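In: I'd like to go over a predicted model; first the sequence, then the structure.
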Amino acid sequence: MCHFKVFMVCQGSTEMGYPRVLRLFFPLALLFLFLYLSVIKLPDVYLHECLQDGKPCSQIQNDAIEEVRVKPSTSFKLDPSDRQLLENVLKNCKQHDFQIGKMVEAFHLCVTEKKDILLEEYLIAWRQLIKFMDALGTVFTFISSETMTKVNILQGYLNGEHGKHYRTVTSMVKYELENEVVNFKELPPNRVPSGCRTLLRMHRALKFLEYFLYNLGMSAGQDKTSQMCADAYHKTLSHHHSWFIRQVAEVAFLALPPLEDMYKVVCVSNHKEAKTVLLTTVDAIVKVYNITQKVYTKHGMLDLP
Ligand SMILES: CCCCCCCC/C=C\CCCCCCCC(=O)N[C@@H](COP(=O)(O)O)[C@H](O)/C=C/CCCCCCCCCCCCC
């Protein structure tokens, strides 16, 4: 008698007339399928996954709010030689997972003519940063998944039933304040953190990034990346982190690759190219940072718990 026929190979049995090789094949195929599914990267599930009439809500909302689409700003101008350099870097970088050009572009496109920030494009830029951290290895997994969590919370709001209020930073702040979603006293237990609180964490990290990229861009080549990163962190994000997180960060810094390897990830081959690319990136980040900072200052939201 052979039990669990699907999973076990019943030696000598010829029930249902299958040749032995086929009876071996199915359980093995199932096993391999299971292993395959457990190792492939499954798509990220957003906290506010939402479907309506079989369509993702974001699609429905995008149809509905087409008429109030906010135009991205086109004010950014680059020196022609620097633009050429940036374009070359972009071209050479196409095979890389992390593409600094895509990140810079997204940071530019997220700034609207009315000096507001488009969340969708802002998140595209952050996803590139996550790719960069993922490329650095497992030491940075903790930091990249923390970042991914924040990105997913905001994407969840964007895809959710009130998604149209989350198009820009200003509209999100207005909506969340009017509807008392923002908690000024404590982080509400068992609730998805507000969009404003979540964006604030990323906004603070952007200041760190600005310092770090500036240090990298201005480095003459002898400085250690771990030192430049630690310096940026101590001046910025560390003030908002607990003792434990600060220790974790210090360990991660030690695992940072040397400057030449960073250059490779950014697709530049020398200091001059690195300086142009990195300072262009800093410029884009500063613009986004300043706009967000202004909105948060206006509403007294720079210390949300
Ligand atoms: C040439 C290109 C270079 C690109 C460099 C990419 C660098 C990556 C950019 C930013 C990464 C920092 C993102 C950190 C997320 C911060 C969110 C945060 O602050 N979360 C904390 C507070 O959240 P709540 O608890 O209040 O919800 C949370 O406690 C922190 C968790 C751990 C984060 C540790 C951060 C360490 C910062 C240093 C990052 C160094 C990464 C360097 C990678 C080059």
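Out: Received, thanks. Numbering: from 1, shown residues only.

In: what about the residue of the stretch 51-200 of the chain found nearest the ligand, which helix or strand?
Out: The nearest approach of the stretch 51-200 of the chain to the ligand comes at Glu146, 4.1 Å away (CB to the nearest ligand atom). Where you see a C-beta, it was placed from the backbone N, CA and C, and this is true even at glycine. Assigned by DSSP states H and E, Glu146 belongs to helix 141-159.

In: helices or strands up against that helix?
Out: If you count contacts as 3 or more CB pairs under 8 Å, 6 or more residues apart in numbering; DSSP states H and E, helix 141-159 packs onto helix 57-64, helix 119-135, helix 195-218, helix 243-254.

In: ok, and what's touching the helix or strand just after that helix?
Out: Counting by DSSP H and E, the next helix or strand C-terminal to helix 141-159 is helix 169-178. Applying CB atoms under 8 Å, 6 or more residues apart in numbering, the contact partners of helix 169-178 are 116-117, 119, 122, 157, 162, 165-166, 181-182, 194-196, 199, 291-292, 295-296, 299, 301.

In: mind redoing it with 6 Å?
Out: With contact meaning CB atoms under 6 Å, 6 or more residues apart in numbering, helix 169-178 is reached by Asp116, Ile117, His165, Tyr166, Val182, Ser194, Gly195, Cys196, Thr292, Val295, His299.

In: pLDDT (mean, whole number) over it?
Out: Helix 169-178 carries an average pLDDT of 98.

In: now do stretch 238-246
Out: Stretch 238-246 shows a mean pLDDT of 98.

In: can you show me the CA trace of stretch 143-159 as PDB?
Out: Only the C-alpha atoms of stretch 143-159 are listed here, as PDB (Å, rounded to 0.1, in the frame of the first residue of the first chain):
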ATOM      1  CA  ILE A 143      19.000  49.500   5.800                       C
ATOM      2  CA  SER A 144      17.600  48.800   2.400                       C
ATOM      3  CA  SER A 145      14.600  46.900   3.800                       C
ATOM      4  CA  GLU A 146      13.900  49.700   6.200                       C
ATOM      5  CA  THR A 147      13.900  52.000   3.300                       C
ATOM      6  CA  MET A 148      11.700  49.700   1.300                       C
ATOM      7  CA  THR A 149       9.200  49.600   4.100                       C
ATOM      8  CA  LYS A 150       8.900  53.400   4.100                       C
ATOM      9  CA  VAL A 151       8.600  53.400   0.300                       C
ATOM     10  CA  ASN A 152       5.900  50.800   0.400                       C
ATOM     11  CA  ILE A 153       3.900  52.700   3.000                       C
ATOM     12  CA  LEU A 154       3.800  55.800   0.800                       C
ATOM     13  CA  GLN A 155       3.100  53.700  -2.300                       C
ATOM     14  CA  GLY A 156       0.300  52.000  -0.400                       C
ATOM     15  CA  TYR A 157      -1.300  55.400   0.300                       C
ATOM     16  CA  LEU A 158      -0.800  56.400  -3.400                       C
ATOM     17  CA  ASN A 159      -2.500  53.200  -4.500                       C
END
